[in-house]
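# the following block contains a protein sequence and its predicted model.
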Amino acid sequence: MKKRNISIGVAIAIAALLFAGTGIALAGEENVEDFYFYQESMVEGTGLVMVDKDINTVPAPGYPSHNLETNLHIHGCGDYEVDQVLKAVIVDRYYTPNGTFNRPVSQSIDYCEDAEMTFKPVTLTSGSMTLIDDDTSIKWKEDLCIKNHQIDTAMRAKYTDADYIKKTIESNVSCVEPYEADVDEWDDNEEVAVSGCGIAKMDILSTVSGASHIGVVVKGRDPHISMIRVSEDYIGNFTIEKHMKVKMNKPWNAGKDKKEWLPCPFEADLGHDVEFYEGDC
């Protein structure tokens, strides 16, 4: 991979997600950014890799009850080359694109990655492998799960026991909280409810020699009911391209978000640990 070209492409992709894909205005002199986090990573080498990134926009006191999550875990051993951009923004107050009124809070988490991983046993002269995970495999594993509690939606891209992974992935979770707008500045009782809006989005292009899982779950207002559940598992040598997006309004009277009812979409239960091997199915 050409580092400079990829870095520029990743940055452009993030900008497009923030300002075009979500439809949420996060820029301008009149916006107040209550929280901002940005990380750009470029890593290339051979050895043992353990990466864990957990981003959670848990609101402060007085903020809305919803939050967003992006969780990334990469473990494995061998050749590793990756470019990543991660950005999280909480805007305390922001003006809509036409500038006619403002809303109290919006949030977004964007993630973009271009990576290539090849399994290769490596002799280590120091360090520990106890943090790899609960099993003994040091083949490549990557797990990306995003959650938007405002619209009760979670998406997941997971790879396990992989000899080779090459992929480009972009994800976005964003939300605007519902609120009450004054229609008469002279009468505090004249207000109209304005719905909020949430988005969860993931685009994947990957070539994998191992086990792959793609999942989506959208819960209804009754958390016991799944409006949408997608679970796809592939074991072997596959090229996978996916474009997934959920966009949903949240009415003013929708109630509090139910964090405990939104797990990451899970892979198929095959009753045993899966090992990828060369041979007949």
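That came in fine, so what should we check first? Numbering: from 1, shown residues only.
# quick one: the helices in this protein?
With DSSP state H, the ranges of helices along the chain come out as 3-16.
# packing partners of the top strand by length along it?
Under DSSP state E, the strand in the chain containing the largest number of residues is strand 68-95. Counting contacts by 3 or more CB pairs under 8 Å, 6 or more residues apart in numbering; DSSP states H and E, strand 68-95 is packed against helix 3-16, strand 32-56, strand 102-103, strand 106-119, strand 140-148, strand 153-176. Placement of C-beta: from N, CA and C, glycine included.
# now these as TSV including mean neighbour count and mean pLDDT?
Below are the helices and strands packed on strand 68-95 laid out as TSV (neighbours: other CB atoms under 10 Å; pLDDT from 0 to 100):
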stretch	mean neighbour count	mean pLDDT
helix 3-16	15	41
strand 32-56	13	89
strand 102-103	18	58
strand 106-119	23	94
strand 140-148	24	95
strand 153-176	24	95
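# adding distance to Arg229 as columns, could you present those in a markdown table?
Output for those, formatted as a markdown table (distance: least, CB to CB, whole Å):
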| stretch | distance to Arg229 |
| --- | --- |
| helix 3-16 | 28 |
| strand 32-56 | 23 |
| strand 102-103 | 31 |
| strand 106-119 | 23 |
| strand 140-148 | 15 |
| strand 153-176 | 10 |
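# closest one to Glu241 among those?
strand 153-176 (9.8 Å; CB to CB).
# ok, the closest one: who's next to it in the sheet?
Using DSSP bridges, the strands paired with strand 153-176 in its sheet are strand 106-119 (antiparallel), strand 140-148 (antiparallel), strand 196-219 (antiparallel).
# Serialize those strands to CSV and add fields for distance to Asn71.
Formatted as CSV, the strands paired with strand 153-176 follow (distance: least, CB to CB, whole Å):
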stretch, distance to Asn71
strand 106-119, 10
strand 140-148, 5
strand 196-219, 13
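# for Val91, find the nearest of those strands.
Judging the strands paired with strand 153-176 by CB to CB, what sits closest to Val91 is strand 106-119, at 4.8 Å.
# how close does Val192 sit to Tyr179?
Distance, Val192 to Tyr179, using CB to CB, to the nearest Å: 10 Å.
# next: Lys242.
34 Å.
# what does Thr207 give?
45 Å.
# between the two, who's got more neighbours?
Tyr179 (18 against 15; other CB atoms under 10 Å).
# what's across from the more buried one in the sheet?
Counting by DSSP bridges, the residues bridging with Tyr179 are Val194.
# do the same with Asp233
His213.
# that one against Val208, yeah?
No - counting by CB atoms under 8 Å, Asp233 stays clear of Val208, with 11.6 Å between them.
# between these two, which one's more packed in?
Counted by other CB under 10 Å, Asp233 and Val208 do not tie: Val208 has more neighbours, with 25 against 14.
# doesn't Thr160 make contact with that one?
No - assessed by CB under 8 Å, Val208 is found out of contact with Thr160, at 9.8 Å.
# how many neighbouring residues does Leu262 have?
19.
# from what I see, it and Lys147 are in contact.
Yes - Leu262 is in contact with Lys147 according to CB under 8 Å; the separation is 5.7 Å.
# state the pLDDT value of the closest residue to Lys250 other than its chain neighbours.
For Lys250, ignoring the flanking residues on the chain, the nearest one in space by CB to CB, 6 or more residues apart in numbering is Gly196 at 4.2 Å. Looking at Gly196, its pLDDT reads 81.
# the one 5 residues further on now?
At Lys201, the predicted lDDT confidence score is 97.
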